[in-house]
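S.K.: give me coordinates for this.
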Amino acid sequence: MSFLRTALVSAGLLLLGGCSSFVTGMGESANAALEEALQVGVDGFESADVPAPPSRICGSSSDRGPEVDATLRQPASAGYTDGDAELHVWAWRSDSAQEVVDRAVDGSDACEQEIYADYDTDGDGQLDAGSHTVTTAGRYDRNGWTGVAVGTEEDGDPTVVTRYVRMGDVVVLVTLTGGGDDANATVDDYLEAVGAAL
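M.R.: Okay, here's the model as predicted:
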């Protein structure tokens with residue numbers, strides 16, 4: 001009887017260990033699949049290091065813009081550069097992807113701002129140059145992705161393009177710094193390719 005009890009306990013522990021390993025493996029596979037989808041590449045860009053994700057979707061705003069949801073942890077990520085422009089992307093799977101992104105959409109007005117600046121470029125005490133920086137935000141719905149688009153332009157030239165979007169249970173934050181007149185198209189094409197790879 002004692003031998004039977006020991007055998008049953010051992011079998012139970014083996015089964016529990018097997019289940020735990022299986023769940024961990026699923027998590028790793030899901031993250032690996034996201035990582036692979038982010039590696040679709042960007043025309044004219046090479047792979048590059050990617051920093052930790054920002055805490056907000058519009059860090060340049062003087063107001064407190066929407067945060068990257070604190071429940072999103074350990075993202076898959078990728079980085080690309082063409083030597084001047086840099087594209088960084090982070091992705092998570094979340095059971096509450098819709099709520100997470102909808103909160104950012106609702107608060108995206110806080111990202112909008114307009115800044116005028118004047119400069120004394122030659123040090124003669126006279127203002128002889130200036131700049132006009134505008135950040136706009138709006139709802140994004142394209143190629144199966146839904147969320148918020150934020151864009152900053154200086155004197156009419158795009159300087160930062162951001163998308164905080166979802167597709168199914170996947171949440172993606174992508175930023176492109178630089179990129180010139182094609183910045184929005186570059187980000188949109190990249191998201192389309194990622195969506196097709198998921």
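S.K.: any chance you could map the strands in this structure?
M.R.: With DSSP state E, the ranges of strands along the chain come out as 46-47, 76-81, 86-93, 113-119, 129-142, 145-154, 157-167, 170-177.
S.K.: mind listing what's buried in the fourth one?
M.R.: When you say that, I think you mean strand 113-119. Gln113 (16 or more other CB atoms under 10 Å). (C-beta placed from N, C-alpha, C; glycine too.)
S.K.: what are the pairing partners of that strand, and which direction each?
M.R.: Here strand 113-119 is paired, per DSSP bridges, with strand 129-142 (antiparallel).
S.K.: just the pLDDT at Pro158, thanks.
M.R.: On pLDDT, Pro158 comes in at 89.
S.K.: tell me, what residue is most central in this structure?
M.R.: Nearest to the geometric centre of the chain sits Leu173, at 1.4 Å (CA atoms, centre = their mean).
S.K.: so who does it touch?
M.R.: Pro53, Pro54, Ile57, Val68, Val89, Trp90, Ala91, Thr162, Arg163, Tyr164 (CB atoms under 8 Å, 6 or more residues apart in numbering).
S.K.: what's the closest non-adjacent residue to Gly130?
M.R.: Take Gly130 and drop its neighbours on the chain: the residue closest to it by CB to CB, 6 or more residues apart in numbering is Asp118, 4.5 Å away.
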